[in-house]
Each structure stands twice: as structure tokens, then as C-alpha cells.
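Trainee: Sequence first, then the predicted structure:
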Amino acid sequence: MTAHTETQAPRRRETWSGQTAFLLAAIGSAVGLGNIWRFPGVAYSNGGGAFLVPYLIALLAIGIPVLLLDYALGHHFRGSPPLALRRLTSKAEYLGWFQVMVCFVIFTYYAVVIAWAAGYVVYSVTMAWGSDPKTFFLKDFLQVTEVAAEASLSFTPVASVMIPLVAIWLLVLLIVGLGLTAGVELANKIFLPLLVILFIAIVVRALFLPGAMEGLNAFFTPTWEALADPQVWLAAFAQIFYSLSVAFGIMLTYASYLKPKSNLTGTGLVAGFANSSFEILAGIGVFAALGFMAHQEGVTVGELEGLSGPILSFVTFPKIISMMPGGPLFGVLFFTSLVLAGVTSLLSLLQVVSGGLQDKFGFSPTSASFIMGVPAMGVSVVLFGTQSGLTTLDIVDNFINSLGVVICAIALTLTAAFAGSRLKGLRAHLNSTSTLSVHAMWDVLVGVITPAVLGFMLFTAVLDLIQNPYGNGDYATWYLNVFGWGCVVFCVVSAAVLTALPWKKPVTANAHVQEGTD
Amino acid sequence: MNAPAVVMMTVTILLVWGGLVASLMALRGSSHPDDK
């Protein structure tokens, strides 16, 4: 690797207490809201059981290989994205800060969705949504007005969102502020096992509902013709990419806290398969419940609406909860699961930003938590805790995911392929610390196949956004420009500013040989 | 459940959950000093 600087004042870098702690955090990060509300709907609408074929190929061809790239970079260069990538090559520090800012944008609205779920835990007790969950969600809970729906920015606060939102922010900032082992690690050790137990209880309950088997029929019956459709393959690769949270700083940051002689490939395989295992479990639970709903309404599962995304969770599921015996308990379990899945993923997003601030400016975890937390909570509350919050969230989420995250991943894979000792050196690092060896084919999967697939995804996304402005005309052009394209520009500019600021301590290359220091 | 759905569910569970179990077993067999 190229030596870029110079001198160093060693300081201890926090590490996970062990492999299990890292695995729980990594799985907690990967298992998020998308596993529960995105995967089942995507699989169902892209060939049902046949979707498994491109899905597994995507997991093995892109998901796990890029996950291992993150592990190799974080562990080899022992730093958050800006530090690790600067150690790879000084020109790549900007990419690290771009990843940090993408995470910053994502967690400002991700916390809001967790706050919605937290609110619904309480509403489940009395099934407060009554007979019309959609009206309750949009009008009573989010207080979306007709004006807001047409995309006029509103700063009118919504108390039902604000209160849980502030509580969620205080909780996660406290956890991150406590540091890696006393905060993030301990939280994941509690939250992830609890999530798995709760979700297994939900799935078992759903499987015993009348009509559940019809739901599973809909979910698993293969439509083999779908495999001839390139869009189905693209959907599978996108699902794996977004679900595993790879290539935009999260897994790289978490791996930077692993002890020097950690088994990288072994933990990568476990994290990848654990994430997919939870998605399959979610698919079974969600479609068993949808089968029950179809049975109650005397229709087929295919005739149901709202099978994916927030509408599945906050409109369709409340309907199901109202129909079933013991619905309030089921509702509490379901929405608590959403909160737990969301919080463990949110913590990993926060750790990327916190780690970047600690590495570059020498802040303590507590200071970094405060410095990023105050503006983040402010943005979160002002933009997403208001009557226009749903509109803003929908736009920001679409643009930052379809553009920001994909740009991060393409740039990361190409940088790794062409900078420093290239993928060959990173593969050698993986193999030097792991029991399962990585084959040379990994270089091709990470350096050629992944950027090619993601490049096509980015090209089609940009083309689509230009030709058909997001929202099919529901959103004003200025709103899309400010909050859609604007959030991407914000990441570009703020990353440049952070790159230009001086490091508190000079950065050394070859940090991996100085165990436990940064 | 219809037969194709049962087959796909079984294959899915065997491959994905089986993959998880196999990778966990492989990890348990590793002997790095920092693994514990």
C-alpha cells in the first residue's frame, strides 16, 4: 500500500469484545425494515418461488463478495470510511466522506419510520386505527393535509410523530455516545436476540391462522417464465444489495473494530446467510398473515393491495390485526419487531458518522454523538416530523437510495480495484486472517460484475428520474429538485468540505500492522 | 399448499437456512485467538 504520511501518535482503537458481538452487530445492521416490508413483496411480484434463483445467485455473486470487500477494507486499514479509504489512497478520502454523508441523510429519515412503528406499538393495544387504518395513518397519525400531499413544505409539527421521534433519537444517541462496547455492542446483544424471538412468535401465530397456507402458496409458487425477464434479475440484485447494507460505509466501519486476527470470511458468510434467513422468515410470516386477510375478505392474495413498503406495515397489517383473535398482542409484537429491527440498523448508520468524526477530529464517542446528533435530530424533526414529512421522506428515500447509495458502491468497488495493492492485496488480507479462502474469482465479481450491474442500475435510475419525474406528477418540480436532487448535491458538497478540513493527527498508512491503534 | 410451492419452500429453507447453519458450523471450527 502507498505510504501517504508520516508520523503517528498511537491511541487505542476500540474493538468488539469478540466475534459473537461483531456478528450480532453486523446481522443487526443488515436486518432492517426492508427485510420485513420490502423482501416479501419484491419476491412475490417477481416470480414468487422462482425469485429464489436470481436471489441466491445475487447473494453469492454480489452480496457476500462486496460484504467481504467492506470487511477487508475496514479490517486492513482499521478506520471509518474516510480514514480507511485515505489509507488505501489519499484521493479516496472524499469517497469516505461521501459515504458518511449518505449515511447521515439516511438516518435523518430512518429514525422517523422507527418512530412511526413505536407509535403503533401503543396504538395496537386499543387498535386505535378503527375500521379504516389508511385514513388513520395518513390523516390522524401523520396529519397529511391535501396541501402537503401536493408537496407544499409544511413546518407544522405533528405531535404524534414528534414525541416518539425525539425519544428514539435520545435513545440511539445515548447508545452511540456510550461507545462501541458499552453502547452499540450491548444494545445489539439485547435487541437482536429479542427481535428474533418476537418474530418467530409472530410467524408461528400467523401460520396457524385460517388461510395462511393460501398465503404461502402465493409466496412460494414459482412462476418460471419470470426468469426470462431481466427486470426480475435486476430486482434480485437490488434486493440483495440494499438488504445487506454493503458498500456505503456501514460494514466497513463495523469491521474496523474487529480484533487483528479475526475470521473475516467466516463471519461474512454467517452475516450474509443470516440476513437472507431472516428475510425468508419474514416472507413466510407476512404472506401467512396476508393469506389470512384474503381468507377473511373472501378474495385471493393476488387481489389484495398494499403488499409492500410502509403501506404494508401501517395500513395492511393493522387491518389484519383488527381481524384476528388476539390482535392487540400480535400488533404489539409486530410493531416492536419493527422498532428493534430499525434501531439496530440505525445504530450502524450512526456509527459510520460517529466513527468518521472520531477518526478525523479526535472526538470522543460522546462528543461525536452530540456533534452529529444535534443537527441530525433537528433535521429529522423539522423536515420529517411535520405535516409534509411523509412527502419529503418518500422523495429523499428514493433519491438517496437509487443515486447516493449506488454511486457509493460503484466508486468503492472501482477504487478498490484500481488503487493501492488492488483487490489482489485485499484478497490476500482476507485469506491471511480467515479459515475459508477467497478464490481469485472474487476479484472479478467485485471489480467487474458488481460495478457493471450497479452501473446499469444507476443508469436506468437516472434516465427514469429525468424522463419521468418521481411521483408521477404528484410532487412539485421544486420539491423534487430541493429534496431529491438536493440531498445528493448536499452529500457531494459537504463531503468536499469535510475532506478539506485538516486531520487532528497525521494519518499513517499500513495501520494493520500496528494492532489496536489508529 | 400446492406441490410446487411446497417444493420451493423446502428448497429455499434448505439452501438459505442450511447455508446459515453450515457457515456457523464452519465458523465454530475456526481456531483464531481473537474469535472467542
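Mentor: Right, received. Where do you want to start? Just so we're clear, the structure is a prediction, and the values are computed from it rather than from any experiment.

Trainee: quick check, the least confident helix or strand in chain B by mean pLDDT touching chain A?
Mentor: Counting by mean pLDDT, DSSP states H and E, the weakest-scoring helix or strand in chain B turns out to be helix B:18-28, with a mean of 93. Yes - for helix B:18-28, a contact with chain A is found by C-beta under 8 Å from any C-beta of the partner chain, at B:19-20, B:23-24, B:26-27. Glycine gets a C-beta too; all of them are placed from N, C-alpha and C.

Trainee: Any of those residues buried? List them.
Mentor: In these, burial by neighbour count holds for B:19-20, B:23-24, B:26-27, counting by 16 or more other C-beta atoms under 10 Å in any protein chain shown.

Trainee: Let's have the residues you listed in TSV, adding distance to residue A:30.
Mentor: TSV is the format used below for those (distance: C-beta to C-beta, whole Å):
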residue	distance to residue A:30
B:19	15
B:20	12
B:23	14
B:24	15
B:26	19
B:27	16
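
Trainee: Which single one of the residues you listed is nearest to residue A:125?
Mentor: Nearest to residue A:125, judged by C-beta to C-beta, of these is residue B:20 at 34.4 Å.

Trainee: Pull up the gap between the residue lying closest to the closest one once chain neighbours are set aside and residue B:11, please.
Mentor: Excluding the flanking residues, the one nearest residue B:20 by C-beta to C-beta, 6 or more residues apart in numbering or on different chains is residue A:273, at 3.9 Å. Going from residue A:273 to residue B:11 by C-beta to C-beta, to the nearest Å gives 15 Å.

Trainee: So between these two, which is more surrounded?
Mentor: Using other C-beta atoms under 10 Å in any protein chain shown, the more surrounded residue of residue A:273 and residue B:11 is residue A:273, with 24 against 17.

Trainee: pLDDT weak spots in chain A?
Mentor: Scanning chain A for pLDDT under 70 picks out A:1-11, A:146-151, A:509-518.

Trainee: Kindly recompute the last result at 80.
Mentor: Along chain A, the parts satisfying pLDDT under 80 run over A:1-12, A:145-152, A:420-421, A:508-518.

Trainee: Mind checking which residue lies nearest the centre of it?
Mentor: residue A:245 (5.0 Å; C-alpha atoms, centre = their mean).

Trainee: That one touches residue A:28, doesn't it?
Mentor: No - if you go by C-beta atoms under 8 Å, residue A:245 and residue A:28 don't touch, sitting 10.5 Å apart.

Trainee: Can you tell me the SS state at the residue nearest to residue B:20?
Mentor: helix (DSSP: H, G, I helix; E, B strand; the rest coil).

Trainee: Enumerate every residue touching the nearest residue in space to residue A:460 that is not next to it in sequence.
Mentor: Spatially, and ignoring its direct neighbours in sequence, residue A:460 is nearest to residue A:234 (7.9 Å; C-beta to C-beta, 6+ apart). Contacts for residue A:234 (C-beta atoms under 8 Å, 6 or more residues apart in numbering or on different chains) come out as A:453, A:456-457, A:460.

Trainee: now those in CSV, with secondary structure?
Mentor: CSV is the format used below for the contacts of residue A:234 (three-state DSSP):
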residue, secondary structure
A:453, helix
A:456, helix
A:457, helix
A:460, helix
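
Trainee: Which one of those residues sits in the busiest neighbourhood?
Mentor: Per-residue neighbour counts (other C-beta under 10 Å) across those peak at residue A:453, which has 20 neighbours.

Trainee: mind checking how far residue A:130 is from chain B?
Mentor: The gap separating residue A:130 from chain B is 34 Å, by C-beta to the nearest C-beta, to the nearest Å.

Trainee: is it true that that residue touches residue A:140?
Mentor: No - using C-beta under 8 Å as the test, residue A:130 is too far from residue A:140 to be in contact (9.2 Å).

Trainee: the more surrounded of the two?
Mentor: When residue A:130 and residue A:140 are compared for neighbours, residue A:140 comes out ahead with 15 against 12, by other C-beta under 10 Å.

Trainee: Spit out the contact partners of the more buried one.
Mentor: residue A:160 are the contacts of residue A:140 under C-beta under 8 Å, 6+ apart.

Trainee: what kind of secondary structure is it in?
Mentor: Residue A:140 is classified as helix under three-state DSSP.

Trainee: Ok, residue B:6 next?
Mentor: Residue B:6 - assigned by three-state DSSP - is helix.

Trainee: Report the spatially nearest residue to it, omitting neighbours in sequence.
Mentor: Residue B:6 sits nearest to residue A:220 (C-beta to C-beta, 6+ apart), 7.6 Å away.

Trainee: and the stretch 51-200 of chain A, which residues reach chain B?
Mentor: Checking the stretch 51-200 of chain A against chain B by C-beta under 8 Å from any C-beta, the hits are A:52, A:56.

Trainee: how close does the residue of the stretch 51-200 of chain A found nearest chain B sit to residue A:279?
Mentor: Residue nearest to chain B within the stretch 51-200 of chain A: residue A:52 (5.2 Å; C-beta to the nearest C-beta). Per C-beta to C-beta, residue A:52 is found 11 Å from residue A:279.
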